[in-house]
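Novice: Here's a sequence, model it:
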Amino acid sequence: MALSSLFLWWRLDPPADATASAPDALDPEGAVFQRASSGDEQAWQELFDRWKKPLLAFFYRSLGTMPEAEDLTLEVFVRLHRAADRYEPRAAFATFLFHIARNLLLNALRHRRRKPAQPVAPEAFDYLVAPESEEARRVSELEESFQHALAQLPEAQRTLLLLVQQQDLDQRAAATILGLTENALRVQLHRARARLKEIMSNVP
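Specialist: A predicted model of the protein is given here:
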């Protein structure tokens, strides 16, 4: 991960339009989904190509492991197939998509609480090669610190930050996904940013 991207993330400056909801507008991706729902395989491929990486990033930042992120990303598309007839064209496709993603995330977190992961012996990591440069080492340390900081946030705050900062969803969409009013979302977003900044400020 580039150093500049990491700094942008833990500084968490809001996007210019983050304080206002986007007006209702035609949703081109919703139209693609409707084509997919009618059996258009090319439309399914378009959706997969467009959303695979954003979903992987969302799940990875939420759970901290790429295998889980990959599994859940694929499961989102399975659920999309099943839920195609429930999509309302007036709702933004991204809202619909991340509502499914968040439900899967909550299921994964509940599963973790029931069956905690077993610790891995240190010798299992003997094959890892140390970063070649000081900058690479620092980036790796910052990445680890940032992921650890995210993990310390409550799930709702972490998901809120990921939806608004990482996925660049407007506040109306994020509020719908999280079941909040927009005013409540603004309060929670302020608290989440403040808490993450506090945690990251202690990174040496």
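Novice: Low-confidence regions, this structure specifically.
Specialist: 1-26, 115-132, 203-204 (pLDDT under 70).
Novice: now for the helix or strand that contains Q188, which elements pack on it?
Specialist: Here Q188 sits within helix 182-201, counting by DSSP states H and E. Using 3 or more CB pairs under 8 Å, 6 or more residues apart in numbering; DSSP states H and E, the elements in contact with helix 182-201 are helix 3-11, helix 134-152, helix 155-161, helix 171-178. Yep, even glycine has a C-beta here, placed from its N, CA and C like the rest.
Novice: burial measure for L47, as a count.
Specialist: 19 (other CB atoms under 10 Å).
Novice: shouldn't A151 be in contact with S62?
Specialist: No - with contact defined as CB atoms under 8 Å, A151 does not count as touching S62 (9.1 Å).
Novice: any common contacting residues for these two?
Specialist: Between them, A151 and S62 share these contacting residues under CB atoms under 8 Å, 6 or more residues apart in numbering: R158.
Novice: Who has more neighbours out of the two?
Specialist: The neighbour comparison of A151 against S62 (other CB under 10 Å) goes to S62, with 25 against 13.
Novice: can you pull the contacts of that one?
Specialist: Listed by CB under 8 Å, 6+ apart, the contact partners of S62 are 105, 150, 155, 158-159, 162.
Novice: Give me the residue at the spatial middle of this protein.
Specialist: F58 (2.2 Å; CA atoms, centre = their mean).
Novice: Distance check, it against L163.
Specialist: 8 Å (CB to CB, to the nearest Å).
Novice: The helix holding Q188 vs helix 171-178, what angle?
Specialist: Using axes from the mean of the first three to the mean of the last three CA atoms, to 10 degrees, the direction of helix 182-201 lies 90 degrees away from that of helix 171-178.
Novice: Helix or strand: which one has the closest residue to F48 other than its chain neighbours?
Specialist: Nearest non-adjacent residue to F48, counting by CB to CB, 6 or more residues apart in numbering: F77, 6.2 Å away. Here F77 sits within helix 66-83, counting by DSSP H and E.
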